[in-house]
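[1] Structure of the sequence below:
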Amino acid sequence: MKRLFAATLILGTTVIGWRDVTACGDKFLIPGRGMTFLQAYKPARVASVVIYAPSTNSVDVLATAKVEALLTLVGHRVNTVRTPSALSQRLASAKTDIVLTDLNDAAGLLVQAQLAPNRPTVVPVMATKADATAAKKQYAFQIKNNDDQGTFLAKIDSVMKQRAKATPSPSPNN
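    I've put the predicted structure just below:
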């Protein structure tokens, strides 16, 4: 009788007190509870990105909402503008780090970007290999239309890293 009572007590305590007890990191090994790359990815420097897609003929990657959603998901601030006047207004009034645009529009934006208060980096998005070859000579950073998400985000991070190096840090004596 004592054995039956002890077994019932142990079994009852185990069933009633059962909790999901896992060690550090084990929760990521349970099916359905892991993290995807985009959930884990957080940029070192948050960028303020303007996507300039003036027409439906812009590179496919810019015309879709996927780029905006991807950049927003990882923590960047994104605005899409469609007209030259809206772009001018955005560059003049708000902090902008990067302007993503079609290669055909990028050349015209270089001067406009240099005149903006924050001097954003113009990053062309190319659709063809010939475009990529031509852009390498003129632009420090380029994105290909068929880059995967990880490569795309790594290039945005590279631009921000370069901007951080180029921007002098405020002196503590001031």
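
[2] List the contacts of the residue nearest to the spatial centre of the chain.
    With distances taken as CA atoms, centre = their mean, the residue of the chain nearest its centroid is residue 71 (3.6 Å). Residues near residue 71 by CB atoms under 8 Å, 6 or more residues apart in numbering: 47, 49, 78, 156. (Glycine included, C-beta is placed from N, CA and C.)

[3] One more: residue 159?
    Counting by CB under 8 Å, 6+ apart, the residues that residue 159 touches are 47, 97-98, 121, 123, 141.

[4] same question, residue 44
    157, 160-161.

[5] What about the residues you listed, which are in strands?
    Using DSSP state E, no member of the contacts of residue 44 sits in strands.

[6] quick one: residue 51 and residue 110, what's the gap?
    Using CB to CB, to the nearest Å, residue 51 is found at 17 Å from residue 110.

[7] now residue 78, what's its secondary structure?
    strand (DSSP: H, G, I helix; E, B strand; the rest coil).

[8] Count the residues that sit near it.
    18 (other CB atoms under 10 Å).
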